[in-house]
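Asks: sequence and computational prediction follow.
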Amino acid sequence: MSEIKRIAIIGGSGNGRVIAQVVEDMAKAGHDIEVAGFLNDHEPIGSLIGEYKVIGRPSEWNALDPDVKIVFALLTVGKMEERSELLSALEVPEARLATLIHPTAVVGSGVSVGKGSVICSHVTCQPGSSIGSNSIVRAGANLGHDAEVSDFVDIGPNCTLCGYSKVAKGAHVAPNSVVRDSVSVGEFGVLSAGSVALKDIEARTVWIGNPARRVK
């Protein structure tokens, strides 16, 4: 029998429990994997987040057993740049990052998924699409063929990225939104919930509506 892969989640309730559920569902599907616990700056050591203990602080990741893998569950919309800087500052090497793919996800041929990224339930990644490191693609999202998702990106539930679209580092594509084919979302840009991007979104701007218009 394979050695069980243990996953420590940096974060708390909310996104952390979503990722814990991905791990649980992978285990139910036959993967040798389990949640080791949470690394959290706010809750007391030994307290519970869901059914899992807080086993340390995020900065203490390197005090864990070397076989424990790390995944990030930190997200605040509008603070994606700060998030990427924080996670980079922790200096977790790629070899220690977990890559999680829910058993109900459909991952096409030629798809690449970077270290530390999480693919949630019922996601479809069409052939040739790619996902960078430390990104999350949430339940029901659809990545079209040859779509590119960079590092530290959050793709919301039920989003559609059409073919050849690109989402740059740290961008947030909110739930039920659509990025048209060959359209780009710039670094740390935000496409708000239910919006449709028909043209490129500049870096560090916020867009809303159908068609989406810049509001910030």
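Replies: Structure received.

Asks: where in this protein is pLDDT low?
Replies: The model of the chain has pLDDT under 70 over residues 1-2, 76-78.

Asks: same thing but 90
Replies: Along the chain, the parts satisfying pLDDT under 90 run over 1-4, 13-14, 74-90, 216.

Asks: domain assignment for it?
Replies: Following automatic domain parsing, the chain resolves into domains at 5-74, 99-205.

Asks: got these as a markdown table, with distance to residue 214 columns?
Replies: The C-beta positions use only the backbone N, C-alpha and C, and glycine is treated the same way. Listed next are these as a markdown table, based on distance: least, Cβ to Cβ, whole Å:
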| stretch | distance to residue 214 |
| --- | --- |
| domain 5-74 | 27 |
| domain 99-205 | 5 |
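
Asks: phi, psi of the most centrally placed residue in the chain?
Replies: Among the residues of the chain, the one closest to the centroid is residue 136, at 1.4 Å (Cα atoms, centre = their mean). Phi and psi for residue 136, reported as degrees, to the nearest 10, are phi -130, psi 130.

Asks: buried sites along the lengthiest helix in the chain?
Replies: When secondary structure is assigned using DSSP state H, the longest helix within the chain turns out to be helix 15-28. Within helix 15-28, the residues scored as buried using 16 or more other Cβ atoms under 10 Å are 15-27.

Asks: dump these to CSV, plus distance to residue 73.
Replies: Converted to CSV, the buried residues of helix 15-28 look like this (distance: Cβ to Cβ, whole Å):
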residue, distance to residue 73
15, 4
16, 4
17, 8
18, 7
19, 5
20, 8
21, 11
22, 10
23, 11
24, 14
25, 16
26, 15
27, 17
